[in-house]
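[1] I'd like to go over a predicted model; first the sequence, then the structure.
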Amino acid sequence: MCYLILEKGTISDDFEIEGAEKHVGKEFVYATTLLCDVDGSIINSRDLHFQAYKQAIENDQEAFNFFLRHLRELKSEGMEFECYDSLTEEHYDRLASGLQRLDGVRGFLGNTASEEIVRRVANRKGQIVKDCIQKGEVKAYPKVAKTLKKLHKNGIRLVFVSSSSSAAVSLLNAGLLHLFEGGVLTGTGTLNYKNVWLDMSKLLKDNQGRVTEIPEAAFEQCADFPGKPDPFPFQEAARRAGIECKQCLVYEDAPAIVLNQSHKYNEFFAGVVGINTGKPFDPKKVADCGATLVVKTPAQFRSVMLTALEKGREYEANAEKVRFNSKDYQAPWHASSAFFGGRKPSVVMNTGNLVSRNSL
């Protein structure tokens, strides 16, 4: 079994937390699996989704009026924005990023917009995204793609979780779909199902094992459960893949999860690795969010993941036995105290860009 070992309680010093010291964290998380978000985390599609929402809403006068009214309502409730006359990236990041399409539209328009308007805008937004993906206009972050290939080659298990119906196609076009054991798609309406599991054993492949087509038979209907930012889709992905949740790291870019839900996710999973590919996160929120790691660039993600993999390989070569217990999780260093000199192992992230939240 292969492991990732990450130092817990660290954030990127690109956020410039005054007085923070590097490499002083002493807690670690161990994982065998990465549960991956797709859009904005693996696939560089954040701008596509923002532009699709913007075009679908601003070109629909009725929907746009609801959007402007909703901004005024939010302002009266104390939620301030920099712009109040057009849809901006700030609105996307704070109201819709990471949400299922219908929920994203409701985030922009508020609860007073009719279901007819919400679905009209959602369908238009979905078609814009689908057209761009079919044209091959959406690519993976190269360093993230290389990292996932490296992790997969070394035995780290990968499962994807997405609120986008196009996630599997995006991974296929990027040449990455074969790395995953399966994926949960939530709230996408795939085959008129609310939630589906992609069964990788039913994909069509060429004689070299590369995925060539995703047939409808590969999608299995899941039970009705809440979508992101609720942790249930990630729990379902782990269950479907036959993996204990406490063996899994969640990899996400959505502020609604990384900044607002990491403490909750920590109750179920080994931890949360956040990547800030959108508008810079508020440093104070990052410091208190509870995520295991928050990095700002794909290059930082690659650096910390490869370091964690190396430490995991070192641990695997020396530890006699590692045990995970889903009810009362014990860090696996207890099984190899001789190797670590009777203490917790020391993991130094050699990236030159990590600081500890413990010192803030």
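    Thanks, I have it.
[2] what segments of the stretch 201-350 of the chain are strands?
    When assigned using DSSP state E, counting those that start in this stretch, the strands of the stretch 201-350 of the chain occupy the ranges 204-205, 211-213, 219-221, 248-252, 271-275, 293-295.
[3] OK, contacts around residue 263?
    For residue 263, the residues meeting the contact criterion (C-beta atoms under 8 Å, 6 or more residues apart in numbering) are 289-290. Glycine gets a C-beta too; all of them are placed from N, C-alpha and C.
[4] how close does it get to residue 271?
    Distance, residue 263 to residue 271, using C-beta to C-beta, to the nearest Å: 11 Å.
[5] ok, and the helix or strand in this structure with the lowest average confidence?
    The helix or strand of the chain with the poorest confidence is strand 354-356; it has a mean of 31 (mean pLDDT, DSSP states H and E).
[6] identify the contacts common to residue 263 and residue 271.
    By C-beta under 8 Å, 6+ apart, no residue touches both residue 263 and residue 271.
[7] count of neighbours near the nearest residue to residue 252 once chain neighbours are set aside?
    Closest residue in space to residue 252, ignoring its immediate chain neighbours: residue 37 at 4.5 Å, by C-beta to C-beta, 6 or more residues apart in numbering. Neighbour count of residue 37, defined by other C-beta atoms under 10 Å: 27.
[8] got it, and residue 207?
    Counted with other C-beta under 10 Å, residues neighbouring residue 207 total 5.
[9] phi, psi for it please.
    phi -70, psi -10 (degrees, to the nearest 10).
[10] distance of it relative to residue 149?
    Applying C-beta to C-beta to residue 207 and residue 149 gives a distance of 20 Å.
[11] what's the answer for residue 197, then?
    When distances are taken as C-beta to C-beta, residue 197 and residue 149 turn out to be 23 Å apart.
[12] between these two, which has more neighbouring residues?
    For residue 197 against residue 149, the residue with the higher neighbour count under other C-beta under 10 Å is residue 197, and the figures read 21 against 15.
[13] name the surrounding residues that touch the helix or strand where that one lies.
    If you go by DSSP states H and E, residue 197 is part of strand 195-199. Outside of strand 195-199, the residues that reach it under the criterion C-beta under 8 Å, 6+ apart are 168, 182-188, 190, 214, 218-225, 227, 233, 236-237, 240.
[14] what lines up beside that strand in the sheet?
    Each strand that pairs with strand 195-199, with its direction, by DSSP bridges: strand 182-186 (antiparallel), strand 219-221 (antiparallel).
[15] how far is it from where the chain is centred?
    In this view, strand 195-199 has its centroid 17 Å away from the chain centroid, taken as C-alpha atoms, centre = their mean, to the nearest Å.
[16] may I have that strand as CSV, with CA atoms only?
    The C-alpha atoms that make up strand 195-199 are tabulated as CSV, following Å, rounded to 0.1, in the frame of the first residue of the first chain:
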residue,chain,number,x,y,z
ASN,A,195,-26.4,11.9,-9.2
VAL,A,196,-24.4,9.2,-11.0
TRP,A,197,-21.3,7.1,-10.5
LEU,A,198,-19.0,6.5,-13.5
ASP,A,199,-18.1,2.8,-13.6
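[17] quick one: residue 244 and residue 238 touch, right?
    Yes: taking contacts as C-beta atoms under 8 Å, residue 244 lies within contact range of residue 238: 7.1 Å.
[18] of those two, who's got more company?
    When neighbours are counted by other C-beta under 10 Å, residue 244 and residue 238 differ, and residue 238 comes out ahead with 24 against 16.
[19] if I pick that one, what's in contact with it?
    For residue 238, the contacting residues are 33, 35, 159, 244-245, 247-248, taking C-beta under 8 Å, 6+ apart as the criterion.
[20] please read off the pLDDT at the residue nearest to the spatial centre of the chain from the model.
    With distances taken as C-alpha atoms, centre = their mean, the residue of the chain nearest its centroid is residue 252 (2.1 Å). In the predicted model, residue 252 carries a pLDDT score of 95.
[21] just residue 112 next, same as before
    Residue 112 is assigned 93 on the pLDDT scale.
[22] how many neighbours does the residue lying closest to it once chain neighbours are set aside have?
    In this structure, residue 112 finds its nearest non-sequential neighbour in residue 66, 6.7 Å apart by C-beta to C-beta, 6+ apart. The burial metric for residue 66, expressed as a neighbour count using other C-beta under 10 Å, is 24.
[23] could you list the alpha-carbon positions for whatever helix or strand residue 66 lives in in PDB?
    Secondary-structure element containing residue 66, defined by DSSP H and E: helix 61-76. Coordinates of each C-alpha in helix 61-76 appear next as PDB, following Å, rounded to 0.1, in the frame of the first residue of the first chain:
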ATOM      1  CA  GLN A  61     -32.800  40.500 -19.400                       C
ATOM      2  CA  GLU A  62     -35.300  38.900 -17.000                       C
ATOM      3  CA  ALA A  63     -32.500  36.900 -15.300                       C
ATOM      4  CA  PHE A  64     -30.200  39.800 -15.200                       C
ATOM      5  CA  ASN A  65     -32.800  41.900 -13.400                       C
ATOM      6  CA  PHE A  66     -33.100  39.200 -10.700                       C
ATOM      7  CA  PHE A  67     -29.300  39.200 -10.400                       C
ATOM      8  CA  LEU A  68     -29.100  42.900  -9.800                       C
ATOM      9  CA  ARG A  69     -32.000  42.800  -7.400                       C
ATOM     10  CA  HIS A  70     -30.300  40.000  -5.500                       C
ATOM     11  CA  LEU A  71     -27.000  41.900  -5.200                       C
ATOM     12  CA  ARG A  72     -28.900  44.800  -3.600                       C
ATOM     13  CA  GLU A  73     -30.600  42.400  -1.200                       C
ATOM     14  CA  LEU A  74     -27.200  40.900  -0.200                       C
ATOM     15  CA  LYS A  75     -25.800  44.400   0.300                       C
ATOM     16  CA  SER A  76     -28.700  45.200   2.700                       C
END
